[in-house]
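**Q** Quick one: sequence plus predicted model below, questions after.
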Amino acid sequence: MTESQYLPPPHQHWGGEALWQQLEPLLPGLSVEVVARTESTNSTLIERVRAEGRNPGEAQPFGRRQHDLQPCLLVAEHQTHGRGRMGRAWHSSSGASLTFSLAVPLELRDWSGLSLVVGVALADALEPWQAGGDEAPRLSLKWPNDLWLDGRKLGGVLIETVPAGGHRMAVIGVGLNIAPAWRDTDSLNALSSGFACMQELDLDASAPQVLALIAKPLVQALLDFQAQGFAPWLERYQRRDALNGRAITAGALEGVARGVSPQGELLLQTAQGLQALSGGEVSVRLTQTTL
Ligand SMILES: O=C(O)CCCC[C@@H]1SC[C@@H]2NC(=O)N[C@@H]21
């Protein structure tokens, strides 16, 4: 069982109460929790869903039925075993990162495109699009789940799903670099390491303030995606597509990225023709660049 160390309430600097007030009307029954440390916010929520949704039909703890599983936003100031995609570790330093997961019951026919919608919602909240402006946005999206700032990795999204009775709970984990953890050590090394942080975009950015900025647009995006799928997001994704037109490898395939399909698949022009790749467990790299 994951051990979480709870902060003494009321965690005022995180504005948990205000967050809850904003989000609960969109996600009835939501709870917002801030912990000082946990293994991984995704793992913690998945464990809870499994514990509560287990053995449908049998008596549930506290008399809950399986469809009583409630949405939860879990924020951790520190993760001891943060996880990234494809079994990678996600390292984040306390105070220099924002790490949280949102568990939400979603009724979806097609899950592909979900991580792209989350990426668009985060990017648009952090760097609102200037209508009529022709400057390229600083925040871009590397299919399927990376958020880049000026071509370096600012954050990532890890989406996992858990069966919960007759339903499916999505656990959407977001990790964002906020401050240069390397500030007092070797900033040049850090800059060349391929990582970026929010304070390069906004010097005053802090984890609680960034969370306050993105939480509602993120929840709204999930609800919109549930209602309408990915197609209405395609244009917003295209504005920030970091790969379009670039030579990449995707798993064993090589080619040139040609945007994404209305279902959110990556379109890859290969010597054998145009291939559509779905998110799954495929690692995408710019040719000659290690990310
Ligand atoms: O880039 C990636 O591979 C995805 C990184 C996702 C990291 C976040 S941090 C909060 C949540 N808890 C985890 O263990 N992982 C996600």
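**A** Looks like it arrived, so ask away. Residues are numbered from 1 along each chain as shown.
**Q** Spell out which residues of this structure are next to the ligand.
**A** Selection of the chain residues close to the ligand by CB under 6 Å from any ligand atom yields 40-42, 79, 82-85, 88, 90, 99-101, 145-146, 156-158, 173-175. C-beta here means a position set from N, CA and C on the backbone, and glycine is covered the same way.
**Q** shouldn't C197 be in contact with G155?
**A** No: contact criterion CB atoms under 8 Å: C197 and G155 do not qualify, at 9.3 Å.
**Q** more neighbours, the two?
**A** Set C197 next to G155 and count neighbours by other CB atoms under 10 Å: G155 wins out with 29 against 23.
**Q** quick one: secondary structure of that one?
**A** strand (DSSP: H, G, I helix; E, B strand; the rest coil).
**Q** Does it have any beta-bridge partners, and if so which?
**A** L147, L176 (DSSP bridges).
**Q** The one 4 residues further on too?
**A** When bridges are called by DSSP bridges, I159 pairs up with I172.
**Q** rewinding a little: give me the buried subset of the residues of the chain next to the ligand.
**A** Buried by 16 or more other CB atoms under 10 Å: 40-42, 79, 82-85, 90, 99-101, 145-146, 156-158, 173-175, out of the residues of the chain next to the ligand.
**Q** Narrow these to those in strands?
**A** T99, F100, S101, D146, G156, V157, L158, G173, V174, G175 (DSSP state E).
**Q** before we move on, the earlier item: identify the contacts common to C197 and G155.
**A** N177 (CB atoms under 8 Å, 6 or more residues apart in numbering).
**Q** what residues are up against the residue nearest to V118 when sequence neighbours are not counted?
**A** Ranked by CB to CB, 6 or more residues apart in numbering and with sequence neighbours excluded, the top spatial neighbour of V118 is V157, at 5.0 Å. Residues in contact with V157 (CB under 8 Å, 6+ apart) are S115, V118, G119, L122, N145, D146, L147, I172, G173, V174.
**Q** I'd guessed the first one sits against G279; true?
**A** Right, S115. Yes: in this structure, S115 is within contact of G279 by CB under 8 Å, at 6.0 Å.
**Q** Comparing the two, which residue is more hemmed in?
**A** S115 (22 against 19).
**Q** Now the more buried one, what are its backbone angles?
**A** Taking degrees, to the nearest 10, you get phi -70, psi -30 for the backbone angles of S115.
**Q** Kindly provide the distance from it to R236.
**A** 14 Å (CB to CB, to the nearest Å).
**Q** likewise L147?
**A** For L147, the distance to R236 equals 14 Å [CB to CB].
**Q** Equivalent analysis for L30, please.
**A** On the measure of CB to CB, L30 and R236 end up 25 Å apart.
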